[in-house]
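[1] output the structure for:
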Amino acid sequence: MIDIPDGVTVEVKGSTVKVKGPNGEVEKKLSPYLNISVKDKKVEIEGNKLSLINTAKAHIQNMIKGVTEGYKLNVKIVYSHFPVSVEIKGKDIIIKNFLGEKHPRKTEIIGNTKVEVKGQNISVTGPDKEAVGQTAANMRMATKINKWDPRIFQDGFYVIGE
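    Predicted coordinates:
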């Protein structure tokens, strides 16, 4: 059983769980082999496999934490020769002048994640833990260097935590 804090509502339709709170809402489709119900400000999960039950429980706890506190990752832009600039246009992140390239690199913002650029620091925040992590990972992968020695060419985007 998972306790539902004040100000948070949990809706279950089949295997889809929607959690709403002060920081937004998160919707996730969980295993269809589980019976998930809401009774008396508690979420009950029933099923045959303990691993599925614990996984669903962890997802719902992360969803509740996301809509109450939110998740935040900080990404650091590192460059040595060519100054990198980052623009946010709608759901796209455009990375210009990475390694002196003429064509900008592009990646996307997942879900309702918010991205703020302040100099060489990028703040990625949102209520969905997976969307925040995937947005930061997209930026990291868009600037990954494969053809040169990473001990010398350390340019890129690095997740430095909260």
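
[2] who touches Lys42 in this structure?
    Contacts for Lys42 were tallied using C-beta atoms under 8 Å, 6 or more residues apart in numbering; they are 1-4. C-betas here are computed from N, CA, C, even on glycine.

[3] hmm, I typed the wrong one, I wanted Phe82.
    97-100, 155.

[4] phi, psi for the residue nearest to it when sequence neighbours are not counted please.
    Using C-beta to C-beta, 6 or more residues apart in numbering and skipping residues adjacent in sequence, the residue nearest Phe82 is Gly100, 4.3 Å away. Torsion angles at Gly100 (phi, psi; degrees, to the nearest 10) stand at phi 80, psi 20.

[5] against Val84, how distant is Gly100?
    Between Gly100 and Val84 the distance is 10 Å, computed by C-beta to C-beta, to the nearest Å.

[6] wait, which of the contacts of Phe82 is closest to Gly70?
    Using C-beta to C-beta, Phe98 is the member of the contacts of Phe82 that lies nearest Gly70, at 29.0 Å.

[7] contact partners for the closest one?
    Applying C-beta under 8 Å, 6+ apart, the residues near Phe98 are 79, 82, 84, 104-105, 143, 155.

[8] how about 6 Å then?
    84, 105, 143 (C-beta atoms under 6 Å, 6 or more residues apart in numbering).

[9] I'd assumed Tyr158 was in contact with the last one.
    In other words, Thr143. No. Counting by C-beta atoms under 6 Å, no contact exists between Thr143 and Tyr158, whose distance comes to 9.2 Å.

[10] more crowded one of the two?
    Higher neighbour count among Thr143 and Tyr158: Thr143, with 21 against 14, using other C-beta atoms under 10 Å.

[11] which helix in this protein has the most residues?
    In terms of residue count, the longest helix belonging to the chain (DSSP state H) is helix 50-68.

[12] from Lys89, how far out is the most centrally placed residue in the chain?
    Centroid check for the chain by C-alpha atoms, centre = their mean gives Val132 as the closest residue, at 1.6 Å. Distance of Val132 to Lys89, given as C-beta to C-beta: 19 Å.
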